[in-house]
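Visitor: coords please:
(one chain, ligands or ions: 2)
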Amino acid sequence: MSKNMKTVLTIAGSDSSGGAGIQADLKTMMAHKVYGMSVITALTAQNTTGVAGIMEVTPEFVAQQLDCVFQDIRPDAVKIGMVSNAEIIKVITEKLVEYKAENIVVDPVMVATSGSSLMQDDASQALRTLLLPLADVITPNVPEGEVLSGLKIETKADMLEAADRIASAAGTSVLLKGGHLKDSADDLLFMDGKVSWFESERIENPNTHGTGCTLSSAIAANLALGHGLEESISKAKAYITGALHDGMDLGKGSGPLNHAYRIN
Ligand SMILES: Nc1ncnc2c1ncn2[C@@H]1O[C@H](COP(=O)(O)OP(=O)(O)O)[C@@H](O)[C@H]1O
Ligand SMILES: Cc1ncc(COP(=O)(O)OP(=O)(O)O)c(N)n1
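Guide: Ligands and ions are numbered 1, 2, ... in the order given. The predicted structure is shown next:
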């Protein structure tokens, strides 16, 4: 019996194709040998070609799931992904405060790479004012970074300005991911006014479904394992790069990653 098992909770949407959302999060946690738990905010009918439908869970049932988790197995870290409306964001915020949750990673999921919206328009304000300030780190991609900063992001210099702005507004660390830029796949951490780049080669692989979910879950898993934020990001970046390199090819569109890629 392992008494030292670390635990991570994902609060996110379900992806029926298993490449993003809750399914990607739990697979990533398993690959990191931490115990994964899930609070589901929405069901999506989706595959590698896009999102066909969304069924939201009621805020009351999200609260009930959170109570069940926190009153029994306390998570060492929490990852938050798809939270599609303001009421769900409000209830998650209240519960995280009530239970004094630690090591919170928020991936501000707004639009899937396939183009489908995963957040209602009125939720953006609740995200900014309620949830983002609670996070230890938030992990926007370039389009999300543009919405949160109000700036166009085309270069690494733009990334720096946008991350600075988002960090000041939310009062937390920001990992701005560079996967949507053309020439690099470098991610920028803005933490306490300090800038760190996490660099990797750009891998020519069209199968990138769920990269953001996977990265944020890997960061949460590493935080739960006791690593600091920079080390957790560095390890998560190595994991995502390895999984992309693995070259698994499933489905008719942008396929999922091999989450079982071996971690050193
Ligand atoms: N083609 C690629 N080659 C290498 N790393 C990539 C590539 N695409 C994305 N990544 C990495 O995957 C992670 C997720 O990034 P990104 O694709 O920007 O987020 P999202 O999936 O939220 O849109 C980041 O660490 C990013 O640098
Ligand atoms: C249920 C669900 N949650 C999040 C996403 C978005 O996943 P992400 O890793 O940010 O990026 P893409 O898969 O869109 O590249 C999703 N599709 N479904």
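Visitor: Closest residue of the stretch 51-200 of the chain to ligand 1?
Guide: Relative to ligand 1, the nearest point of the stretch 51-200 of the chain is G179 (2.5 Å; C-beta to the nearest ligand atom). C-betas here are computed from N, CA, C, even on glycine.
Visitor: residues in contact with that residue?
Guide: N141, V142, A185, D187, T208, T211, G212 (C-beta atoms under 8 Å, 6 or more residues apart in numbering).
Visitor: can I assume the fourth one is in contact with K177?
Guide: Yes. Checked against C-beta atoms under 8 Å, the pair D187 and K177 is within contact range at 4.8 Å.
Visitor: Output the longest strand belonging to this protein.
Guide: strand 35-47 (DSSP state E).
Visitor: got the contact list for T211?
Guide: For T211, the contacting residues are G179, I240, L244, L257, by C-beta under 8 Å, 6+ apart.
Visitor: same thing with A236?
Guide: L215, S216, A218, I219, A221, N222.
Visitor: what's the answer for G145, then?
Guide: Contacts of G145 (C-beta under 8 Å, 6+ apart): L151, I153, M159, A162, A163, I166, L176.
Visitor: Take those residues and write them to TSV, including neighbour count.
Guide: As requested, the contacts of G145 are exported to TSV (neighbours: other C-beta atoms under 10 Å):
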residue	neighbour count
L151	17
I153	24
M159	27
A162	24
A163	27
I166	26
L176	28
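Visitor: Give me the contact status of stretch 8-17 with ligand 1.
Guide: No. Counting by C-beta under 6 Å from any ligand atom, ligand 1 is not contacted by stretch 8-17; separation bottoms out at 12.3 Å.
Visitor: circling back: which strand or helix spans the residue of the stretch 51-200 of the chain closest to ligand 1?
Guide: Here G179 sits in a region with no helix or strand, counting by DSSP states H and E.
Visitor: ok, now L175?
Guide: Going by DSSP H and E, L175 is part of strand 173-176.
Visitor: again, but for V78
Guide: strand 77-80.
Visitor: That strand - which strands sit beside it in the sheet, and in what orientation?
Guide: strand 7-15 (parallel), strand 104-106 (parallel) (DSSP bridges).
Visitor: elements contacting the following helix or strand past the longest strand of the chain?
Guide: Of the helices and strands lying after strand 35-47 in sequence (DSSP H and E), the nearest is strand 50-56. With contacts defined as 3 or more C-beta pairs under 8 Å, 6 or more residues apart in numbering; DSSP states H and E, strand 50-56 has these neighbours: strand 35-47.
Visitor: is any part of the strand it packs on close to ligand 2?
Guide: Yes. Strand 35-47 comes into contact with ligand 2 (C-beta under 6 Å from any ligand atom), by way of T44.
Visitor: what is the mean pLDDT for that strand?
Guide: Throughout strand 35-47, pLDDT has a mean value of 97.
Visitor: Test my guess that D67 contacts K95.
Guide: Yes. Judged on C-beta under 8 Å, D67 makes contact with K95 at a distance of 7.3 Å.
Visitor: neighbour-wise, which of the two wins?
Guide: Comparing D67 with K95 by other C-beta atoms under 10 Å, the one with more neighbours is K95, at 19 against 14.
Visitor: Name the SS class of the more buried one, please.
Guide: Assigned with DSSP: H, G, I helix; E, B strand; the rest coil, K95 falls in the helix class.
Visitor: any low-confidence regions in the stretch 1-150 of the chain?
Guide: Residue ranges of the stretch 1-150 of the chain with pLDDT under 70: 1-2.
Visitor: got the residues of it near ligand 1?
Guide: So far as C-beta under 6 Å from any ligand atom goes, the stretch 1-150 of the chain lies against ligand 1 at T113, N141.
Visitor: Spell out which parts of the stretch 1-150 of the chain neighbour ligand 2.
Guide: Looking at ligand 2, the residues of the stretch 1-150 of the chain close enough under C-beta under 6 Å from any ligand atom are A12, G13, D15, A20, G21, T44, G81, M82, V109, A112, T113, L118.
Visitor: One more pass at 8 Å, please.
Guide: 12-15, 19-22, 24, 42, 44, 46, 51, 81-82, 107, 109, 111-114, 116, 118, 141 (C-beta under 8 Å from any ligand atom).
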